[in-house]
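Trainee: Pasting the sequence and the predicted model now:
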Amino acid sequence: MNKWQGALTGLSERRAAAIAGLLTLVVGLATMTPDLIGVFFDDAIYVLVAKGIAEGHGYVYPQLPGMPPAIHYPPVWPGLLALVWKLGPAFPNNLGLLKAINPLMLALAAAGGTVVARRLFGLPAWAAALAILAATLSVPMHVLTNVLLSEPIFIALFFPAIYGASRLHAEGGWRLAVAAGALAGVLVLTRTIAGAFVAGTGLVLLLDRRWRELVIYSVVVIALLAPWQYFVWKHSPGFPDELRGSYGPYLEWLADGYREGGLPFLQAVVLKNVTDTWRFVGAILTPRLADTPLRPLATALALLATAAGIAGSLRRPATRILTLGMIGYLGIVLVWPFQVDRFIWAVWPLLLLFALDGLRVTQAALRARGLPRVAAAALASASLLVLGYTAYNVRGMWRGWSNSASHEMSSRVEVIVRYVNGEPRLRGKVIGTEAAPMVALYTGLQVIPVEMLVVRDHLEKKTTQQSAAFLEAIDRRFTPDAYVMMPQGPHLLALLQAKLDSTRRFMDISPADQKVRSFISVSQ
């Protein structure tokens, strides 16, 4: 026992970071799946934009008629995918290379997170590595890693960016201001919501009256972001209105939604996001206790520990920038009408660090007030939460929960891909279908979506009439040559109810087994 204790306490930061990174990489590669890209919609879009770059079309949506500019997604992640696309074999033979990127990104995040936990939070090297591994070896993180979403590279870039900002705050100087600004700019060009951490850095420098560093930092960030913002501003006016929901600027999408919904919509979004977060946290802490009073108790304790950690970190100079950025980030997440779990997973390692720090702060405060028994009870409760969290993730990783959603969606939509690739009458046609980015990626055709994200989708499903109205608008704008739908699904029902252009007649060319429904235009 003493030997193991000595090995742990004597573990260097470098070795701890290397171990965390290596273990994360091994698990990430071991859990890779052959499932199709596109199960989360965004992942296929990223790859399609990368394809457009690699094939010389520019930063566009190559699967849409006219190849409109890709003004929705910041360029860092598609740019990296384009590089791999260019250097590797032709798609889909490069699928393994593409899918290996995210395990590598998560491994880099584990190494960087260990260093941040050690240097900013003051954890021993072994504790820092264990805390980060608790996040990077979890089911939620591997849901993201198994598909080509941008969250893993965001986390990988996040830790160097936040450490650079903290060093700037601690040491000052124009060189650190330039470096921190460059890291922050690249982070925002990966996921725009990282602007919350840029604002946190700027606020701390402003309050400390560090004018020189603030100006240099801000100028570098603005210089990096300006070309992208100009690109979006230049191409947004001519972008097809029918596609803005899922393919246009999302800040505009958000503003339009709140302008229409007002305060009642804001209240509904906040309530849903809080409720979804509460359910998610409870589920991963008490996997076998869904209908017992222990689940809400466990959720409340975990959220209180995280809040205590954020409050304590706000008082420490080393973690003040990080904490202000996290407060801003969570504030944005609270009012953003989209899947809240995706935003939580993107900072999951950091949230676990705050929860651990909250426990440490609480323990110290209770002991300082002469309440050792209460401190012992708090530690015992935390140990039970850790046990539940570990049980959830061990069970989930063993049973393949991290890829169950992608496997199910991949199996369902693969039917459409196989049909389109095997139907000669659809070759070279523009088709409308569900899971359009995935179908476009695997068929090489121009594919129009038959659904579009609107702000209220976060609160309620579209009615058939609303879906039909969208189809009518798409049909008028792009006049697809054919439609391919899953049988008896909502999109087929919307298509059958839609009033399409009367000058075009559609012939049913569905296969005999009716696994898909297919209609091709035979104009008069």
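Mentor: Arrived safely. Fair warning: this is a prediction, and the values are worked out from it, not measured in the lab. Residues are numbered from 1 along each chain as shown.

Trainee: State the number of residues packed around Arg191.
Mentor: Other residues near Arg191 come to 21 when the count uses other Cβ atoms under 10 Å. Every C-beta, even on glycine, is put in place using the N, C-alpha and C of the backbone.

Trainee: Helix or strand: which one has the residue nearest to it when sequence neighbours are not counted?
Mentor: Leaving aside its sequence neighbours, Arg191 sits nearest to Phe154 (Cβ to Cβ, 6 or more residues apart in numbering; 4.7 Å). Taking DSSP states H and E as the definition, Phe154 sits inside helix 151-171.

Trainee: buried set for that helix?
Mentor: By neighbour count with 16 or more other Cβ atoms under 10 Å, helix 151-171 contains the buried residues 151-169.

Trainee: what separates that helix from the chain centre, distance-wise?
Mentor: What separates the centre of helix 151-171 from the centre of its chain is 18 Å, taken as Cα atoms, centre = their mean, to the nearest Å.

Trainee: And it, what does it pack against?
Mentor: Helices and strands touching helix 151-171, by 3 or more Cβ pairs under 8 Å, 6 or more residues apart in numbering; DSSP states H and E, are helix 76-87, helix 95-119, helix 139-145, helix 174-188, helix 195-207, helix 320-335.

Trainee: Same list (these) but as JSON lines, adding mean neighbour count, mean pLDDT and distance to Gly238.
Mentor: As requested, the helices and strands packed on helix 151-171 are exported to JSON lines (neighbours: other Cβ atoms under 10 Å; pLDDT from 0 to 100; distance: least, Cβ to Cβ, whole Å):
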{"stretch": "helix 76-87", "mean neighbour count": "19", "mean pLDDT": "94", "distance to Gly238": "21"}
{"stretch": "helix 95-119", "mean neighbour count": "23", "mean pLDDT": "95", "distance to Gly238": "31"}
{"stretch": "helix 139-145", "mean neighbour count": "25", "mean pLDDT": "88", "distance to Gly238": "33"}
{"stretch": "helix 174-188", "mean neighbour count": "21", "mean pLDDT": "96", "distance to Gly238": "25"}
{"stretch": "helix 195-207", "mean neighbour count": "20", "mean pLDDT": "95", "distance to Gly238": "26"}
{"stretch": "helix 320-335", "mean neighbour count": "20", "mean pLDDT": "95", "distance to Gly238": "28"}
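
Trainee: Indicate which one of the ones you listed is closest to Ile474.
Mentor: Closest approach to Ile474 among those (Cβ to Cβ): helix 76-87, 24.3 Å.

Trainee: And the contacts of the closest one?
Mentor: Residues from elsewhere that reach helix 76-87 (Cβ atoms under 8 Å, 6 or more residues apart in numbering): 46-47, 49-51, 53-54, 59, 70, 91, 94, 97-98, 101, 148, 150, 153, 157, 186, 189-190.

Trainee: do stretch 281-294 as well
Mentor: With contacts defined as Cβ under 8 Å, 6+ apart, stretch 281-294 is touched by 138-140, 295-296, 298-299, 302-303, 385, 388-389, 391-393, 395.

Trainee: Closest one to His458 out of these, please.
Mentor: When the contacts of stretch 281-294 are compared for distance to His458 (Cβ to Cβ), Pro140 wins out at 19.5 Å.

Trainee: per-residue confidence for the residue lying closest to that closest one once chain neighbours are set aside?
Mentor: Sequence neighbours aside, Trp345 is the residue nearest to Pro140 in space, at 4.6 Å (criterion: Cβ to Cβ, 6+ apart). Per-residue pLDDT puts Trp345 at 91.

Trainee: so how many other residues sit close to Trp345?
Mentor: For Trp345, the neighbour count with other Cβ under 10 Å is 24.

Trainee: circling back to that earlier point, Tyr247 is nearest to which of the helices and strands packed on helix 151-171?
Mentor: Set against Tyr247 and scored by Cβ to Cβ, these come closest in helix 76-87, at 13.4 Å.

Trainee: Show me how far the closest one is from its chain's centre.
Mentor: Relative to its parent chain, helix 76-87 has a centroid offset of 18 Å by Cα atoms, centre = their mean.

Trainee: relative orientation of it and helix 95-119 in degrees?
Mentor: Interaxial angle, helix 76-87 versus helix 95-119 (axes from the mean of the first three to the mean of the last three Cα atoms, to 10 degrees): 140 degrees.

Trainee: could you give the angle of helix 76-87 to helix 174-188?
Mentor: Using the same axes, to 10 degrees: helix 76-87 against helix 174-188 is 80 degrees.

Trainee: List buried residues within the contacts of stretch 281-294.
Mentor: By neighbour count, with 16+ other Cβ under 10 Å, those hold 138-140, 295, 298-299, 302-303, 385, 388-389, 392-393 as buried.

Trainee: re earlier: tell me which residues touch the residue nearest to Arg191, please.
Mentor: Counting by Cβ under 8 Å, 6+ apart, Phe154 makes contact with 187, 190-191, 194, 346.

Trainee: Same question for Val116.
Mentor: By Cβ under 8 Å, 6+ apart, the residues touching Val116 are 159, 162-163, 353.

Trainee: list the contacts for Met105?
Mentor: 145, 152-153, 155-156.

Trainee: now with 7 Å?
Mentor: By Cβ atoms under 7 Å, 6 or more residues apart in numbering, Met105 lies in contact with 152-153, 156.

Trainee: wait, what's in contact with the spatially most central residue of the chain?
Mentor: Here the mean C-alpha position of the chain is nearest to the C-alpha of Glu151 (Cα atoms, centre = their mean), at a distance of 4.3 Å. Listed by Cβ under 7 Å, 6+ apart, the contact set of Glu151 reads 144, 345-346.

Trainee: which residues of the chain score low on pLDDT?
Mentor: Applying pLDDT under 70 to the chain flags residues 1-10, 523-524.

Trainee: buried ones in the lengthiest helix in it?
Mentor: What stands out as the longest helix in the chain, according to DSSP state H, is helix 250-285. For helix 250-285, a neighbour-count test (16+ other Cβ under 10 Å) marks 250, 253-254, 257, 261, 265, 268-269, 273, 277, 280-282, 284-285 as buried.

Trainee: and which of the residues you listed is nearest Leu120?
Mentor: Using Cβ to Cβ, the buried residues of helix 250-285 come closest to Leu120 at Val281, 23.8 Å.

Trainee: Check what contacts stretch 226-233 and list those residues.
Mentor: Under Cβ under 7 Å, 6+ apart, the answer for stretch 226-233 is 71, 74-75, 189, 249.

Trainee: Check which residues of that stretch are buried.
Mentor: 228, 232.

Trainee: Return the distance of that stretch from the chain's centre.
Mentor: The chain centroid and the centroid of stretch 226-233 are separated by 22 Å under Cα atoms, centre = their mean.

Trainee: do stretch 244-257 as well
Mentor: Counting by Cα atoms, centre = their mean, stretch 244-257 is centred 17 Å from the centre of its parent chain.

Trainee: Surely Val49 and Ile71 touch.
Mentor: No. In terms of Cβ atoms under 7 Å, Val49 does not count as a neighbour of Ile71; the distance is 10.5 Å.

Trainee: The two: which has the busier surroundings?
Mentor: Val49 (28 against 22).

Trainee: Distance of Asn146 relative to Arg118?
Mentor: 29 Å (Cβ to Cβ, to the nearest Å).

Trainee: make that Ala90, sorry
Mentor: 43 Å.

Trainee: Now do the same contact list for Arg477.
Mentor: Neighbour list for Arg477: 240, 242 [criterion: Cβ under 7 Å, 6+ apart].

Trainee: Can you name the helix or strand that it falls in?
Mentor: Per DSSP H and E: Arg477 is located in helix 464-478.

Trainee: Export that helix to PDB, keeping only CA atoms.
Mentor: C-alpha atoms of helix 464-478 as PDB (Å, rounded to 0.1, in the frame of the first residue of the first chain):
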ATOM      1  CA  THR A 464     -47.700  18.200 -40.000                       C
ATOM      2  CA  GLN A 465     -49.100  21.400 -41.500                       C
ATOM      3  CA  GLN A 466     -45.900  23.300 -40.500                       C
ATOM      4  CA  SER A 467     -43.700  20.600 -42.000                       C
ATOM      5  CA  ALA A 468     -45.800  20.600 -45.200                       C
ATOM      6  CA  ALA A 469     -45.500  24.400 -45.400                       C
ATOM      7  CA  PHE A 470     -41.700  24.100 -45.200                       C
ATOM      8  CA  LEU A 471     -41.700  21.500 -48.000                       C
ATOM      9  CA  GLU A 472     -43.800  23.700 -50.200                       C
ATOM     10  CA  ALA A 473     -41.300  26.600 -49.700                       C
ATOM     11  CA  ILE A 474     -38.400  24.200 -50.500                       C
ATOM     12  CA  ASP A 475     -40.100  22.900 -53.500                       C
ATOM     13  CA  ARG A 476     -40.800  26.300 -54.900                       C
ATOM     14  CA  ARG A 477     -37.200  27.500 -54.400                       C
ATOM     15  CA  PHE A 478     -35.200  24.400 -55.500                       C
END
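
Trainee: Noted, bye for now.
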